[in-house]
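In: Sequence and predicted structure are below.
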Amino acid sequence: MTLFKTPPLAPFAKTLRPGAPALSVAAKPTRPKSLLPEPPSVPRIVPIARLAQGGRWRVEAMRALSEPCFLWFTRGQGRITMGGVTRGYGPYSAAFLPAGVMHGFEISTQTTGMAVFFGKNSDLTLPHAAQYLRVREPPVQAEISGLIESVIRELESNRPGSDRAALHYLGLLSVIIERQGMSQAAEPRASEAARKLVTRYAAVLERDFRSGLGVADYAAQLGVTATHLTRSCRISCGRAASELLQDRRLYEARRLLSETGTPVKDIAAALGFNSPAYFTRAFQARVGKTPSAFRKGG
């Protein structure tokens with residue numbers, strides 16, 4: 001197994017040897033099978049800057065992963081949204097993302113750090129909820145960076161037992177994540193009720209974004225009005241409920257356009273748009289290009 005040199009969706013990762021709870025909602029639309037290949041289900045480490053290869057939308061647009069991920073920021077600053085809650089990040093801050101948690105974060109040329117992907121079948125003990133961590137103690141900062149470097153060294157090694165050693169280092173990293181999460185007091189929030197509602201919205205949105213449901217449909221499932229849901233989203237993450245929905249759908253559209261040869265009309269249907277024409281208008285309004293122009297890179 002080797003250190004990834006491309007975003008984690010690349011289909012040629014080497015294999016290492018060795019979520020959010022379901023919501024009780026009124027309607028559960030059938031989720032179509034993804035048109036994209038499954039990402040590699042093996043532990044790997046990717047420089048954060050390389051996650052944005054092919055476009056900053058790959059990290060800034062709302063999406064979820066099918067495996068746990070630890071983001072370790074060592075330089076730069078911006079905002080990160082996890083499960084509908086937005087916070088600022090800076091040097092030596094981290095985010096742990098369980099599988100299925102919708103998220104996105106800002107990135108600039110100054111942003112550096114590492115993304116640790118644990119793989120879909122990891123046996124490590126990891127948190128069940130998203131966590132944002134400010135690591136203030138220099139010894140802990142050095143410990144995290146050192147463990148990540150040790151994992152990279154073992155992943156690039158052909159020495160006997162390197163796979164097993166990499167897993168042990170990842171296990172130590174999981175312990176630090178647990179300890180840091182327990183030691184840091186919850187940050188003050190503008191509205192705990194709004195945060196909880198938007199976290200539920202983000203979870204059901206990630207599950208059903210291909211269904212074609214609108215904000216009013218999601219609000220009804222969550223037992224609130226569309227106005228209340230939108231107000232809560234603005235309080236929690238500074239964005240409207242409709243923005244989160246459209247962002248998630250169009251992130252998937254861009255992935256399909258850039259990584260598959262699926263016809264535009266089939267992408268529109270797979271993502272729940274009423275017609276290819278409506279999909280094209282929505283895509284162009286958000287991205288600034290038609291789907292065909294985006295696919296061509298023009």
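Out: Nice, I can see it.

In: Next, residue 125: secondary structure please.
Out: Following DSSP: H, G, I helix; E, B strand; the rest coil, we place residue 125 in the coil state.

In: what about it, distance to residue 174?
Out: 6 Å (Cβ to Cβ, to the nearest Å). No exception for glycine: its C-beta is placed from N, CA and C like everyone else's.

In: For these two, indicate the residue with more neighbours.
Out: The residue with more neighbours, out of residue 125 and residue 174, is residue 174; 21 against 10, by other Cβ atoms under 10 Å.

In: Which helix or strand contains that one?
Out: helix 162-183 (DSSP states H and E).

In: For that helix, output the C-alpha coordinates as CSV.
Out: C-alpha atoms of helix 162-183 as CSV (Å, rounded to 0.1, in the frame of the first residue of the first chain):
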residue,chain,number,x,y,z
SER,A,162,4.7,-2.6,7.4
ASP,A,163,1.0,-3.0,6.9
ARG,A,164,0.5,-4.1,10.5
ALA,A,165,2.7,-1.3,11.8
ALA,A,166,0.6,1.3,9.8
LEU,A,167,-2.5,0.0,11.4
HIS,A,168,-1.0,0.2,14.9
TYR,A,169,0.0,3.9,14.3
LEU,A,170,-3.6,4.6,13.1
GLY,A,171,-4.8,3.0,16.3
LEU,A,172,-2.7,5.4,18.3
LEU,A,173,-4.1,8.3,16.3
SER,A,174,-7.6,7.1,17.1
VAL,A,175,-6.8,7.3,20.8
ILE,A,176,-5.6,10.9,20.5
ILE,A,177,-8.8,11.8,18.7
GLU,A,178,-10.8,10.2,21.5
ARG,A,179,-8.8,12.0,24.2
GLN,A,180,-8.9,15.4,22.5
GLY,A,181,-12.7,15.1,22.0
MET,A,182,-13.2,14.3,25.7
SER,A,183,-11.0,17.0,27.0
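
In: Can you list the buried residues in the following helix or strand past that helix?
Out: Downstream of helix 162-183, the next assigned helix or strand under DSSP H and E is helix 192-208. For helix 192-208, the buried set under the neighbour-count rule, 16 or more other Cβ atoms under 10 Å, comprises 194-195, 197-208.

In: Count the neighbours of residue 258 for me.
Out: With neighbours defined by other Cβ under 10 Å, the count for residue 258 comes to 15.

In: same deal with residue 96?
Out: 25.

In: Out of the buried residues of helix 192-208, which is nearest to residue 221?
Out: residue 204 (6.4 Å; Cβ to Cβ).

In: Please, where are all the strands along the protein?
Out: Taking DSSP state E, the strands of the chain run over residues 44-47, 69-75, 78-82, 85-89, 93-97, 103-105, 112-117, 131-134.

In: So which of the ones you listed is nearest residue 261?
Out: Closest approach to residue 261 among the strands of the chain (Cβ to Cβ): strand 44-47, 25.3 Å.

In: Show me the strands paired with the closest one, marking each as parallel or antiparallel.
Out: The strands beside strand 44-47 in its sheet (DSSP bridges) come out as strand 112-117 (antiparallel).

In: Enumerate the positions of the strand it pairs with that are buried.
Out: In strand 112-117, counting by 16+ other Cβ under 10 Å, buried: 113-117.

In: Quick one: these as CSV, columns for distance to residue 229 and pLDDT too.
Out: Below are the buried residues of strand 112-117 laid out as CSV (distance: Cβ to Cβ, whole Å; pLDDT from 0 to 100):
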residue, distance to residue 229, pLDDT
113, 33, 97
114, 35, 98
115, 31, 98
116, 33, 97
117, 32, 96
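
In: And these, which is closest to residue 212?
Out: Using Cβ to Cβ, residue 117 comes nearest to residue 212 of these, at 30.5 Å.

In: beta partners for that closest one?
Out: Going by DSSP bridges, residue 117 forms beta bridges with residue 44, residue 69.

In: can you tell me which residues contact it?
Out: By Cβ atoms under 8 Å, 6 or more residues apart in numbering, residue 117 lies in contact with 8, 43-46, 65, 67-69.

In: out of those residues, which are buried?
Out: The neighbour-count test (16+ other Cβ under 10 Å) marks 8, 43-46, 65, 67-69 as buried among those.

In: Just put those in TSV and tack on distance to residue 281 and pLDDT.
Out: Formatted as TSV, the buried ones among the contacts of residue 117 follow (distance: Cβ to Cβ, whole Å; pLDDT from 0 to 100):
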residue	distance to residue 281	pLDDT
8	31	42
43	41	92
44	38	93
45	40	96
46	34	96
65	29	93
67	34	94
68	37	96
69	33	97
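
In: Same list (those) but as a markdown table, adding distance to residue 87.
Out: Formatted as a markdown table, the buried ones among the contacts of residue 117 follow (distance: Cβ to Cβ, whole Å):
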| residue | distance to residue 87 |
| --- | --- |
| 8 | 23 |
| 43 | 26 |
| 44 | 26 |
| 45 | 23 |
| 46 | 22 |
| 65 | 19 |
| 67 | 22 |
| 68 | 19 |
| 69 | 16 |
